[in-house]
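>>> Predicted coordinates and the sequence they were generated for:
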Amino acid sequence: MNFLKSLTSSRSELPDSSTVDAYVDVWKKTIEVQQHFNDLSWRIRALWLTALTFALGATFVAFKDGKSIELLGVGQKSPALLVPVLGLLLWLGFWFVDRQWYHRLLVGSVQEGMSLEKKLRDLGVDVSLTKTIGDASPWNTWLGQLHSAHKLNFFYVLGGLPLVLSFFVLLFQP
């Protein structure tokens, strides 16, 4: 936002077309940053799905082995019981990086894009890509309107369920 203030304060020194060009250049860069954070987030999710597939496969391979060990007073259990626990720790790490790290950076870049679009509209440039995408993003469900943060959490809850279910199925195996 400091860049916007410096452009506004020196506006009298720049011709209108220079001011508009400068804002358009900053807006284009902001859109690139939004694309970058969105791409990183999808790569993280793809990697999570790969890790989930590996954890589930390792769980079933370890269970198929048929061995059992004494686990913390729970009794004789398959060592496969530990794999979903490790998978859930990985799940938590992926969720944290995606939701609490990159998603926040993406939201910040979207807010900056909306601010720049408002300024460009004030300068007579009809641009509203960030706002239009934001307006189209919410998903109306019987639970109410779900925004990107809700949908992201929903993705990770769905991804964590197979690990939780695997853990409890193995825990109650004789």
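Cool, got the structure. Numbering: from 1, shown residues only.
>>> Where is the longest helix in the chain?
helix 16-64 (DSSP state H).
>>> For that helix, name the packing helices and strands.
Contacting helix 16-64 under the criterion 3 or more CB pairs under 8 Å, 6 or more residues apart in numbering; DSSP states H and E are the following elements: helix 2-9, helix 82-95, helix 103-122, helix 129-136, helix 148-171. Bear in mind the C-beta positions are built from the backbone N, C-alpha and C, glycine included.
>>> Take the ones you listed and write them to JSON lines, including distance to K67 and mean neighbour count.
Converted to JSON lines, the helices and strands packed on helix 16-64 look like this (distance: least, CB to CB, whole Å; neighbours: other CB atoms under 10 Å):
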{"stretch": "helix 2-9", "distance to K67": "62", "mean neighbour count": "11"}
{"stretch": "helix 82-95", "distance to K67": "12", "mean neighbour count": "18"}
{"stretch": "helix 103-122", "distance to K67": "41", "mean neighbour count": "17"}
{"stretch": "helix 129-136", "distance to K67": "52", "mean neighbour count": "13"}
{"stretch": "helix 148-171", "distance to K67": "13", "mean neighbour count": "16"}
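>>> what would the ones you listed look like in TSV with distance to A46 and mean pLDDT?
Compiled in TSV, those are given as follows (distance: least, CB to CB, whole Å; pLDDT from 0 to 100):
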stretch	distance to A46	mean pLDDT
helix 2-9	34	49
helix 82-95	10	94
helix 103-122	15	94
helix 129-136	21	91
helix 148-171	12	93
